[in-house]
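# What follows is a predicted protein model with its sequence.
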Number of protein chains: 2
Amino acid sequence: MPRDVTLHAVAAAAGVSLATASRALAGTGRVSPATIETVRRAAADLGYRVDPIARALRAGSSRIVGMIVPVIGNPFFAQLVDAVEQRLHEEGFELLLADSHGELAEEARRLAVFGDRRVDGILAVPADRRRSGVALAGAGAPVVQVDRTSEGSTADSVGVDNEMGMRLVLEHLRERGARSIAYVGADDVTSNGLARSTAFGSLVEGMPFEASAPIRGEFSVATGMAAADDILARGTLPDAVVAASDLIAFGLVARLRAHGVVVPRDVLVTGFDGIPFADLVSPGLTTVAQPLDAIAADAIGFLMARIRGDTSAARRSLVAPTLVVRESTGPAEASR
Amino acid sequence: MPRDVTLHAVAAAAGVSLATASRALAGTGRVSPATIETVRRAAADLGYRVDPIARALRAGSSRIVGMIVPVIGNPFFAQLVDAVEQRLHEEGFELLLADSHGELAEEARRLAVFGDRRVDGILAVPADRRRSGVALAGAGAPVVQVDRTSEGSTADSVGVDNEMGMRLVLEHLRERGARSIAYVGADDVTSNGLARSTAFGSLVEGMPFEASAPIRGEFSVATGMAAADDILARGTLPDAVVAASDLIAFGLVARLRAHGVVVPRDVLVTGFDGIPFADLVSPGLTTVAQPLDAIAADAIGFLMARIRGDTSAARRSLVAPTLVVRESTGPAEASR
DNA sequence: AAATGTTGCGTAAACGATTGCACCATGACC
DNA sequence: GGTCATGGTGCAATCGTTTACGCAACATTT
């Protein structure tokens, strides 16, 4: 079905050539103000809308940004996509969304499609800390890594300051009087899994804590549940358990409760991410809140700069998180 | 930047014309098996990938499906998008995601862009029960309404059987011995807000319940909280509160707890939707679980049929939900 | 006053595919 | 043996833009 009102029609109505009409609307090249006005009016009268497909074919730019996340069903990524979509739309871009399900092959395939589709830019949450780089580079469009990074990649990246987050958590737990601490995190496949674990490990060194062997799994509820079983099997409970994500903490708390262990009375628990549910569960979860709006803003900012042709060295934005204190680390009111 | 390997290159390598190469790869028209094989091999050798943009411009089909949801940050829609994305990808389509933020104007604008982009189909969660229809029709591509419907629209639709869901809830509450019931739902702006309220209203008629005036707001945690205040202000608590969504129920339970009211000891609470967190909160939420995979499958099925040219009368799929019983309607183990 | 530069606009060639039409064989049929 | 359907292929138009290039008209310089 051919389009009804094309640039051709506008040009005819305005009494100018196709080229002039194009230039008038795009604001490129030399066109007299009077002509611009005439063309603009003709376009408005006819209800002309530029065909993004034809434009993309000719100009090589689609005004689409592709985003790939490990799993959109995870509320953290859903929130992230929400923040990104909004800003992207303000910039006049559409969002092509892909889900890698955490698999490298799928990730590579989806990124290749982004390339085929000539997306102008890509926002990627790399599935694998070490092996996502090649795929990222291969897509052709500028890439910004969000939330996680891939070591091989030279692309810009935006993420939370994991060490600062861990520091906030540990200082808070120290104030609350915790002595023995257990850590439940994710494996080293993702950059955040690694970074949070190492941050915990090195910070805890210089503090008056007694840390038991870390438990590692995935950023999931299931990992939290399994960790709870593990901790219960040890016989004695630690004073506090530090989880590397809110989902882990949820699983942890739920399973502990199922075994009669009450948080925070018997053990303190902290999360990481600050997803909206953290304040709905009981007890409310003390957690490191990520400023998703700031992360989205930085990511879009970086990407837009690259799209505009910026070829300077790779940038990295480490966004500062905040600690949100709730009941899971002590009585709601009683701040010591 | 011109593409490296085009159909032109493939044709040259295979020693055939552009037209034959196109037909051989697309499988359209008459091409000898031998030629097809030659072209296929040449394409594979060169690593040829069809340019979706050029194809879209010429053929009018983009192999993109647009989806518009009220807010992707809502975990219910995030789960829905997750299910849809997966199936869509299996069918060889990409997903263009838009967020209407529940606003009609935004919805219309985004749908218009879908039209411009020549998406092959649209999955829409209408923002407004009565006024989303026009925008839906205007986009040009076939539309399937998911989760909610718009009365004016003649498009296919897929959604949960709200009446059945309410029936499951009410029968369960009757078995649990509840006599007085309060309902907290959403306003009539969305089809689900209306349908669940009317289903509750008419079902409760024929059952031995004493229902107080329904409370109506949005499908949000905030509405649940406000409703809790409202109910508490009435002086006497009902035996049970039926919420029209899990988010409402979460807000309800959290606020009740803040005022010292314990669920289920003091009052039973049920939700609707079956989002993943319903079993993580304490008490676990008894809720009507929507089979999102089935909903996604039906929606994609309908849409693919339309894309293939099916022009039969509008279809409607009412998917049967299931009741998931948890602690919020009684002691975990003790089934009466 | 000739040479030069600037401004405003049109012509036409891309971008990379799909597809209607024409064409040439080949075999079947009367 | 001529006509005709049919299978296989190529030519060229087309989708709706953007943009390199050319050209006329006018302004500016020496």
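Everything's here; your move. Numbers count the residues shown, from 1 in each chain, chains lettered A, B, ... in the order given.
# what about the strands in the stretch 101-250 of chain A?
Using DSSP state E, counting those that start in this stretch, the strands assigned to the stretch 101-250 of chain A run over residues A:121-124, A:143-146, A:156-160, A:180-186, A:210-211, A:215-217, A:240-243.
# Could I get the average pLDDT for the shortest one?
Pointing back at strand A:210-211 there. If you average the pLDDT over strand A:210-211, you get 92.
# one step back: could you redo the strands of the stretch 101-250 of chain A as CSV and give each row distance to DNA strand C?
(Glycine included, C-beta is placed from N, CA and C.) Formatted as CSV, the strands of the stretch 101-250 of chain A follow (distance: least, CB to the nearest atom of the strand, whole Å):
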stretch, distance to DNA strand C
strand A:121-124, 19
strand A:143-146, 21
strand A:156-160, 27
strand A:180-186, 41
strand A:210-211, 57
strand A:215-217, 44
strand A:240-243, 49
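# and these, which one's lowest on average pLDDT?
Note on the strands of the stretch 101-250 of chain A: strand A:210-211 shows the lowest mean pLDDT, a mean of 92.
# That strand packs against which elements?
Secondary-structure packing of strand A:210-211 (3 or more CB pairs under 8 Å, 6 or more residues apart in numbering or on different chains; DSSP states H and E): strand A:180-186, helix A:191-205.
# Need the winner for burial among those.
strand A:180-186 (a mean of 23; mean count of other CB atoms under 10 Å in any protein chain shown).
# So which elements touch that strand?
Partner elements for strand A:180-186 (3+ CB pairs under 8 Å, 6+ apart): helix A:191-205, strand A:210-211, strand A:215-217, helix A:221-233, strand A:240-243, helix A:246-258.
# near chain B, which residues of the stretch 1-150 of chain A?
For the stretch 1-150 of chain A, the residues in contact with chain B (CB under 8 Å from any CB of the partner chain) are A:1, A:49-54, A:56-57, A:60, A:62, A:64, A:71-75, A:77-79, A:81-82, A:85-86, A:89, A:94-99, A:101, A:112-113, A:116-118.
# Return the members of the residues you listed classed as buried.
Listed as buried from the residues of the stretch 1-150 of chain A next to chain B are A:50-53, A:56-57, A:62, A:64, A:71-75, A:77-79, A:81-82, A:85-86, A:89, A:94-99, A:101, A:113, A:116-118; burial here means 16 or more other CB atoms under 10 Å in any protein chain shown.
# Check the residues you listed one by one and keep those near DNA strand D.
Counting by CB under 7 Å from any atom of the strand, A:50, A:51, A:57 from these sit close to DNA strand D.
# and DNA strand C, which of the residues you listed reach it?
residue A:57.
# Tell me which of the ones next to DNA strand D among the buried ones among the residues of the stretch 1-150 of chain A next to chain B fall in helices.
Counting by DSSP state H, those place residue A:57 in helices.
# of the ones next to DNA strand D among the buried ones among the residues of the stretch 1-150 of chain A next to chain B, closest to DNA strand D?
Checking those against DNA strand D by CB to the nearest atom of the strand gives residue A:51 as the nearest, at 3.4 Å.
# quick one on the thing from earlier: looking at the helices and strands packed on strand A:180-186, which is buried most?
Comparing those by mean neighbour count (mean count of other CB under 10 Å), strand A:240-243 comes out on top with a mean of 30.
# any bit of that strand sitting next to chain B?
No: residues of strand A:240-243 are not located near chain B by CB under 8 Å from any CB, the shortest gap being 13.2 Å.
# what's the spacing between that strand and its chain's center?
Distance of strand A:240-243 from its chain centroid, counting by CA atoms, centre = their mean, to the nearest Å, is 23 Å.
# and residue A:269, what element?
strand A:268-273 (DSSP states H and E).
# May I see the buried residues of the next helix or strand after that strand?
Using DSSP H and E, the helix or strand that directly follows strand A:268-273 along the chain is strand A:286-289. Within strand A:286-289, the residues that count as buried by 16+ other CB under 10 Å are A:286, A:287, A:288, A:289.
# quick one: low-confidence parts of chain A?
Under the criterion pLDDT under 70, the flagged ranges of chain A are A:1-2, A:133-136, A:138-139, A:331-336.
# Near DNA strand C, which residues of it are found?
Residues of chain A lying near DNA strand C (CB under 7 Å from any atom of the strand): A:15-20, A:29-32, A:34-35, A:54, A:57-58.
# From the residues you listed, keep the buried residues only.
Buried members of those, scored by 16+ other CB under 10 Å, are A:16, A:20, A:31, A:35, A:57.
# Who are the packing partners of the strand holding residue A:269?
Packing partners of strand A:268-273 (3+ CB pairs under 8 Å, 6+ apart): helix A:162-175, strand A:240-243, helix A:246-258, strand A:286-289.
# that older thread, just to be sure, which of the buried ones among the residues of chain A next to DNA strand C are found in helices?
Judged by DSSP H, helices contain the following of these: A:20, A:35, A:57.
# where's the first one relative to residue B:124, distance?
Think residue A:20. 39 Å (CB to CB, to the nearest Å).
# what's the answer for the last one, then?
Note on residue A:57: its distance to residue B:124, by CB to CB, is 28 Å.
# got the end-to-end distance for stretch A:57-71?
Stretch A:57-71 has an end-to-end distance of 31 Å (criterion: CA to CA, to the nearest Å).
# mind listing what residue A:249 touches?
Contacts for residue A:249 (CB atoms under 8 Å, 6 or more residues apart in numbering or on different chains) come out as A:224, A:243, A:269, A:270, A:271, A:272, A:285, A:287, A:328.
# Tell me the one of the residues you listed nearest DNA strand D?
residue A:272 (45.2 Å).
# Relative to DNA strand C, how far out is the residue in the stretch 151-300 of chain A positioned nearest to DNA strand D?
The nearest approach of the stretch 151-300 of chain A to DNA strand D comes at residue A:300, 22.7 Å away (CB to the nearest atom of the strand). Between residue A:300 and DNA strand C the distance is 28 Å, computed by CB to the nearest atom of the strand, to the nearest Å.
# Just give the number of residues close to that residue.
Using other CB atoms under 10 Å in any protein chain shown, residue A:300 is surrounded by 24 other residues.
# wait, doesn't it sit right on residue A:91?
Yes: if you go by CB atoms under 8 Å, residue A:300 and residue A:91 touch, sitting 6.5 Å apart.
# Can you pull the residues of the stretch 1-150 of chain A lying near DNA strand D?
In this structure, the stretch 1-150 of chain A approaches DNA strand D at residues A:2-3, A:6-8, A:18-19, A:22-23, A:25-26, A:28-29, A:48, A:50-51, A:54-55, A:57-59, judged by CB under 7 Å from any atom of the strand.
# Looking at those, which are in helices?
Of these, the ones assigned to helices by DSSP H are A:7-8, A:18-19, A:22-23, A:25-26, A:54-55, A:57-59.
# And the furthest pair within these?
Taking CB to CB, the two most distant members of those are A:23 and A:57; they sit 18.4 Å apart.
# Just give the closest residue to residue A:299, not the sequence neighbours.
Excluding the flanking residues, the one nearest residue A:299 by CB to CB, 6 or more residues apart in numbering or on different chains is residue A:158, at 4.5 Å.
# Neighbours of the one you found, how many?
Using other CB under 10 Å, the number of residues around residue A:158 comes to 25.
# so what's it bridging to?
Beta-bridge partners of residue A:158, counted by DSSP bridges, are residue A:146, residue A:317.
# What is the end-to-end distance of stretch A:22-37?
13 Å.
# Over to stretch A:178-190?
29 Å.
# Looking at the residues of chain A next to DNA strand C, which two lie furthest apart in space?
Taking CB to CB as the measure, the residues of chain A next to DNA strand C span a maximum distance of 31.0 Å, between A:34 and A:57.
# Report the contact partners of residue A:276.
Going by CB under 8 Å, 6+ apart, residue A:276 touches A:75, A:79, B:73, B:221.
# would you turn the residues you listed into a markdown table with secondary structure?
What follows is the contacts of residue A:276, written out as a markdown table (DSSP: H, G, I helix; E, B strand; the rest coil):
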| residue | secondary structure |
| --- | --- |
| A:75 | helix |
| A:79 | helix |
| B:73 | coil |
| B:221 | helix |
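# Report whether residue A:43 is found in a strand, as I expect.
No: according to three-state DSSP, residue A:43 belongs to no strand; its state is helix.
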